[in-house]
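[1] sequence first, then the predicted structure, then my questions.
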Amino acid sequence: MVNESKKEFNLNMHMARLLFDEPFFAGLSRRINKIATTAIPTAGVRVNPDTAQFEMVYNPEFFARLEDKHRIGVLKHEFYHLVFEHVTSRKPEGVDHLTWNYATDLAINSHIAGELPETALIPGVGNFEDYPVGLSAEAYLKKLQEDEQFQQKKDDKGNSDGTGGENTESSGGNDGANSEQFDSHEGWGETDSTTSEIAKERLKDYIKKAAEEAQQGSGWGSVPAQCRRDIIARLATFVDWRSVLRYFVKTSQRAAKRSTVRKINRRFPYLHPGKKVTRQARVAISIDQSGSVSDGMLEAFFSELSKLAKHATFTVVPFDTQVDEALVYDWKKGENHKTERVMCGGTCFNAPTEYVNSNGFDGHIVLTDMMAPKPKASKCQRMWMTTKACAAHPYFTTRERVIAIDIKE
């Protein structure tokens, strides 16, 4: 493996074999794009600012030099950055980039110390020999901030302002701020708020699915028990239907991009024009008008829609066994609409699905008690919202997302 041609090394071809005994990481890996590049010396994970997709970028020459054990260790290290939300949301304000990078690496490497290249930062080794194993990134950050030797070395290298510190070079070894990081943290925190929110919800979904596959399949592999408990605890936050609803709306947005010299290009400032992005979403909200859909359910949903109007144009589609187009209306920014019933009857999900399919919507949300046969396929992404009781006993099963709304009866 070590003698493998550097130029020919393709991580995607090796991924299944490398993670054969790691079901959780394999499940997460399948959902992360892999990009070979010589623009970085090692490897790293990031959020693509244009697509809000997670990417693992890697230098094929770096991976070609590694033994299989170290390749697996590096992969697990990068995926742990995602699991612990280091890429998206956990960086404390007012902390320089380099110190936070080291803190996150020390937290992760506590779990995989024997699987990493010798340049990795390991608690209990080298200048970190007084650092206990198994702390959180925040705890290691506090110790680094109090470590005068580390701070002096960092200041000597000109990184105190947080402008440097990516893959810092040295003569080798685990010696504090002169040590080489074997992974890149480039691109962390560089996305706008909308992209960041989409990425966060997308990552939660990836981790949830990977955890479910691990629990239902052949196990978690080498993921420590404490990490498993942390991951499972994080899954409890996925039932926040308001957050999911916002995520759905924003991922239904279509983006129109055009080049403009008036906007600075982040990656190539003053060399290439920047991009101006105009986002819009046409989302249909189909409201089940049957009597079994409670007033509390309707009130909760309409209350949240009033907050979402700033992100999209909603088309409210009342339905029972049919859609009366005379009752369909657009909910635009700044408007207020009261909760009301305008139809009465049974339920047929084909009626709103056909209306949405024929009118070019970007997303479709159905508020219902789920008490009708499964409808035909939707041409756009579709999500179902119902009560916890109805979600637990639906009339039909679906692979589409079903969200339970917390309501006050």
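    Done, it's in. Numbers count the residues shown, from 1 in each chain.

[2] quick check, S306 in contact with T339.
    No - S306 is not in contact with T339 according to CB atoms under 8 Å; the separation is 10.3 Å. C-beta coordinates here come from the backbone N, C-alpha and C atoms, glycine included.

[3] mind checking the SS state of M385?
    strand (DSSP: H, G, I helix; E, B strand; the rest coil).

[4] show me the contacts for it.
    Contacts for M385 were tallied using CB atoms under 8 Å, 6 or more residues apart in numbering; they are W241, L245, F301, I365, V366, L367, T368, V402, I403, A404, I405.

[5] go with 6 Å
    L367, I403, I405 (CB atoms under 6 Å, 6 or more residues apart in numbering).

[6] give me the buried subset of those.
    Buried by 16 or more other CB atoms under 10 Å: L367, I403, I405, out of the contacts of M385.

[7] and the second one, that's in a strand?
    When you say that, I think you mean I403. Yes - according to three-state DSSP, I403 belongs to a strand.

[8] quick one: name whatever helix or strand follows the lengthiest helix in the chain.
    Determined from DSSP state H, the single longest helix within the chain is helix 193-216. As assigned by DSSP states H and E, the chain's next helix or strand after helix 193-216 is helix 225-235.

[9] re the thing from before, in CSV, list the buried ones among the contacts of M385 along with pLDDT and distance to E67.
    Formatted as CSV, those follow (pLDDT from 0 to 100; distance: CB to CB, whole Å):
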residue, pLDDT, distance to E67
L367, 89, 54
I403, 82, 45
I405, 72, 51
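
[10] tell me the one of those nearest Q226?
    For the buried ones among the contacts of M385, the minimum distance to Q226 (CB to CB) is 29.5 Å, reached by I403.

[11] okay but that closest one is in contact with V244, surely?
    Yes - I403 lies in contact with V244 (CB atoms under 6 Å); the separation is 5.3 Å.

[12] in terms of helices and strands, where is R382?
    Per DSSP H and E: strand 381-387 holds R382.

[13] and that strand with strand 401-405, angle?
    Interaxial angle, strand 381-387 versus strand 401-405 (axes from the mean of the first three to the mean of the last three CA atoms, to 10 degrees): 30 degrees.

[14] show me how far strand 381-387 is from its chain's centre.
    20 Å (CA atoms, centre = their mean, to the nearest Å).

[15] report the rounded mean pLDDT for that strand.
    If you average the pLDDT over strand 381-387, you get 88.

[16] neighbouring strands - and their directions - for that strand?
    Using DSSP bridges, the strands paired with strand 381-387 are strand 363-367 (parallel), strand 401-405 (parallel).

[17] please enumerate the strands of the stretch 1-150 of the chain.
    Along the stretch 1-150 of the chain, the segments classed as strands by DSSP state E, counting those that start in this stretch run 33-36, 43-47, 54-58.

[18] determine which stretch of these is the most buried.
    The highest mean neighbour count among the strands of the stretch 1-150 of the chain, using mean count of other CB atoms under 10 Å, belongs to strand 43-47: a mean of 24.

[19] how about that strand as CSV, C-alpha atoms only?
    Only the C-alpha atoms of strand 43-47 are listed here, as CSV (Å, rounded to 0.1, in the frame of the first residue of the first chain):
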residue,chain,number,x,y,z
ALA,A,43,-6.7,16.5,3.8
GLY,A,44,-9.7,18.3,5.3
VAL,A,45,-13.5,18.7,5.5
ARG,A,46,-15.5,21.8,4.6
VAL,A,47,-18.8,23.1,3.5
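
[20] relative orientation of it and helix 193-216 in degrees?
    On the basis of the same axes, to 10 degrees, strand 43-47 is oriented at 120 degrees to helix 193-216.

[21] list the helices and strands strand 43-47 packs on?
    strand 54-58, helix 68-83, strand 183-184 (3 or more CB pairs under 6 Å, 6 or more residues apart in numbering; DSSP states H and E).

[22] which one of the ones you listed lies nearest to D96?
    Using CB to CB, the helices and strands packed on strand 43-47 put strand 183-184 closest to D96, at 16.7 Å.

[23] tell me the confidence at M1?
    The model reports M1 with a pLDDT of 41.

[24] likewise A233?
    We have a pLDDT of 68 for A233.

[25] so E354 is in which element?
    Using DSSP H and E, E354 sits within helix 350-357.

[26] list the contacts of that helix.
    Contacts of helix 350-357 (CB under 6 Å, 6+ apart): A284, S286, V317, F319, Q322, V323, H364, P375, K376, S378, K379.

[27] can you name the two of the residues you listed that are farthest apart?
    Between any two of the contacts of helix 350-357 (CB to CB), the greatest distance is 19.4 Å, for Q322 and K379.
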